[in-house]
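Visitor: Got a predicted structure here, sequence first:
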Amino acid sequence: MQPVEEGMSRRNFYVGAIYGIWAIISAALGLPAIIYLFLPPKARQESNFVEIGDVTKLTPNSPVEMVFRRNRVDGWKILSEKSTAWVVKQADNQVVAFGPQCTHLGCAYHWEDGKNQFLCPCHSSLFAVDGKVVSGPAPRPLDRFETKVQGNKLLVGDLHKTPEQSA
Amino acid sequence: MRRRFSIAADWLDHRTGVQTAVRQFLYEEIPASSGWHQVFGSVAAFLFMVQAFTGALLAFNYAPTPGDAYNSLRYILTELTGGRLIRGLHHWGASMMIVVVVLHMIQVFIYGAYKKPREATWIIGVFLLLITLGFGLTGYLLPWDNRAFWGTVVTTQIAGSAPIVGPYLTRFLGGGSSIGVVTFARFYGMHVLLLPPLTLVLMAVHIFLVRKHGVAPAPGDELVPKKKFYPHQVFIDTVAIFVAFAILFLLAAAVRVPLEQLADPTDTSYIPRPEWYFLFLFQTLKLFPGPLEIVGSVVLPGIAVTALILVPFIDRGKMVKVSKRVFAASVVLLAGIGWAALTATAVATTPKPAAGTQIDFSAPTDWMQLSPEEMAGVAYFRQENCVSCHAIGGKGNQVGPDLTATSIHKDAAWMIQHFKRPAAMRPGSSMPPIQLSDAQLNSLAAFLLKLNANNATALDNSPDFATAGALVYQTNHCGTCHLVNGVGMKVGPPLNGLSKRQTRRWVEDHFADPQKLSPGSIMPAYKLAPKDLDNLTTYLFALPE
């Protein structure tokens, strides 16, 4: 009986070593791959504010579309691209800059002078002058750029998503 | 649970036969003499899988066009976590693959395992070797740095010199007058679309044939009972694979694969060299000057490949014990000596690059944005060992304040007074006075004023040649006439992008005698010490455009 048992334990050792080694190799290749694919790239630049216009030309509660160029990091490229913001001077003299896309499906909305509301032409979402959803399928208020006012100049930074609107 | 699993396995086997197939594969009978000398085939197959895997990962973040290729590889190396490791695995895996494939071939050759009926297995093996070299050749271009570009210029020229087919080969490789987008696309296409499936098909046929004829037995094997492939030989193969993988992983993790400057077709000072496993061919070429060149470039390699293919038809004797195959072993030894001699000569005769220091562009390069004065400040900062008391970005000693905290920054005049008599400006300060001249303190202040938590990395990654070069720049007041990174004067030409306009030799000669090289120049001659000259030139050449 003895030799057979010895043979079995040696066989078990081989099988265990085969599984163990392949597990180590898979982990040593798989973990770096997951890290490489799923960790975000190291940030290249701090948020950079871009000058987009003159605040003195704004009249309260009448939004103006301002066009500006800004640099965007896209993978290994830095793109200079055209961007727009809807800028409103609110009643309390606070200046707000909304991102140009409807929060429903990303269509470009515009200001309806007659209705005093933002209208999205795709699915008729309506937003009030403060960005809140008035009606339509949009799930949350308009996104806002970070803003800074230096003298008369308005600067915008990153675009932030607004949280869902509680009904 | 176990019963359920076995039911599921039976169901799957009944529908697909997968279990039976795996079993047949694992329990195949192999000669009793099989063992450690037969691991190389498995290791080569494993390394191919590693190459395919890491290659796919690289392709996920890689733009296969000149210029973009370089930038995207830099992005992989500097901005993606683990990118450097993945690239290291792919780079060193290529070299290891060549080594292992050749070892596999040597083993088969010495044992005479190619003999009847295994001739076809051997010939397919020769083609797999050529494909492996093809991978190396096409992959070499893909980083699109100077090394890649100039190495490929040489290889395409060699291919073009072949009799009759030369011009067609050149056209196929997309290299007409120069190497550009078409060559790049061809090389990339071959590297990722053509060669991998071809390898898979040939590997499948190769392994099928090994199975069909069985592993070659040694004389005397017929007297001993055969053994099973699993688990003993699988264990041996697995251990060998693990050893190979461990070496590869250590190489990838520890040895940095440099990324040189972006490919520059106008760089006349670059000395092109192929990858190490092609150096012997490169050297052979030098033995045949002038019209004889095709002997080295085409005839000899052609004869060698043909001879390899014909090996099983030349040596048709019966299988004998490996210890009796003295002639085969001598052939391998002679070939090995010849290869080593050619490679060693090629390495020995490679002139040292004119650039005293090679710049690794895959390292972080924040320091390139600093002005020479600030860069000199970095030099003083290191020289005075400020970090022995001050923290930078929250790291380091906390005896003095963290210098990246912009809140402690005052103006330059205040700082200079503070450097001279610390306690006078900040009562109670235990900082020792800094013994530097006013101009030097100015540099230090300029650097510190710019220092914040975001750019503190420039302090770590400024290479020594840059700080030393900036010191030479400052002491010679180059900034009173020249502009670097937007700082200085415009009496002379701005120095950013100098490396694109002039060769290194030109710049170095120009310092010694400006009027000789640019007549009418008002620049005075500078007699710099060789080390200073080297550092200054390397620094200027590293400046961003």
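Guide: Received, thanks. Numbering: from 1, shown residues only, chains lettered A, B, ... in the order given.
Visitor: How about the residues of chain A by chain B?
Guide: Contact residues (Cβ under 8 Å from any Cβ of the partner chain) of chain A with chain B: A:11, A:14-15, A:17-18, A:21-22, A:24-25, A:28-29, A:32-33, A:35-37, A:39, A:41-42, A:44, A:46, A:75-77. Placement of C-beta: from N, CA and C, glycine included.
Visitor: go with 7 Å
Guide: A:11, A:14-15, A:17-18, A:21-22, A:25, A:28-29, A:32-33, A:35-37, A:39, A:41-42, A:44, A:46, A:75-76 (Cβ under 7 Å from any Cβ of the partner chain).
Visitor: Buried ones among those?
Guide: Buried by 16 or more other Cβ atoms under 10 Å in any protein chain shown: A:Tyr14, A:Ala17, A:Ile18, A:Ile21, A:Ile25, A:Ala28, A:Leu29, A:Pro32, A:Ala33, A:Tyr36, A:Pro41, A:Trp76, out of those.
Visitor: Out of those, which sit inside helices?
Guide: Where those overlap with helices, as defined by DSSP state H, the overlap consists of A:Tyr14, A:Ala17, A:Ile18, A:Ile21, A:Ile25, A:Ala28, A:Leu29, A:Pro32, A:Ala33, A:Tyr36.
Visitor: So the closest residue to the second one other than its chain neighbours, which state does it fall into?
Guide: Computed as Cβ to Cβ, 6 or more residues apart in numbering or on different chains, the closest residue to A:Ala17 that is not its neighbour in sequence is B:Phe235, at 5.7 Å. Put simply, B:Phe235 is helix when judged by DSSP: H, G, I helix; E, B strand; the rest coil.
Visitor: Same check on the one 5 residues further on?
Guide: B:Ala240 carries the three-state label helix when classified by three-state DSSP.
Visitor: Let me see the contact set for it.
Guide: B:Val39, B:Ser42, B:Val43 (Cβ atoms under 7 Å, 6 or more residues apart in numbering or on different chains).
Visitor: can you confirm the second one is in a helix?
Guide: When you say that, I think you mean B:Ser42. Yes - B:Ser42: assigned to a helix according to three-state DSSP.
Visitor: Which residues outside the lengthiest strand in chain A are in contact with it?
Guide: Secondary structure of chain A read by DSSP state E shows that its longest strand is strand A:77-89. Identification of contacts with strand A:77-89 by Cβ under 7 Å, 6+ apart yields A:52-53, A:58-61, A:63-72, A:95-100, A:111, A:129, A:145, A:154, A:156.
Visitor: I'd like the secondary structure assignment at B:Asn535, please.
Guide: helix.
Visitor: Surely B:Ala466 and B:Met375 touch.
Guide: Yes - here B:Ala466 reaches B:Met375: they are 5.9 Å apart, a contact under Cβ atoms under 7 Å.
Visitor: separation between the residue nearest to B:Val39 when sequence neighbours are not counted and B:Leu169?
Guide: Nearest residue to B:Val39 in three dimensions, chain neighbours excluded: B:Ala240, at 3.6 Å (Cβ to Cβ, 6+ apart). Going from B:Ala240 to B:Leu169 by Cβ to Cβ, to the nearest Å gives 38 Å.
Visitor: ok so, going back, weed out the non-buried ones from the contacts of strand A:77-89.
Guide: A:52-53, A:58, A:63, A:66, A:68, A:95-100, A:111, A:129, A:145, A:154, A:156.
Visitor: So which bits of chain B are right by chain A?
Guide: With Cβ under 7 Å from any Cβ as the criterion, chain B comes near chain A at residues B:53, B:57, B:60, B:71-72, B:74-75, B:79-83, B:85-86, B:231-232, B:234-235, B:238-239, B:242, B:245, B:249, B:454.
Visitor: Restricted to buried residues, select these in PyMOL.
Guide: To isolate in PyMOL the members of the residues of chain B next to chain A that are buried, counting by 16+ other Cβ under 10 Å, one can use:
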select buried, chain B and resi 53+57+71+72+74+75+79+80+82+83+85+86+231+232+234+235+238+239+242+245+249
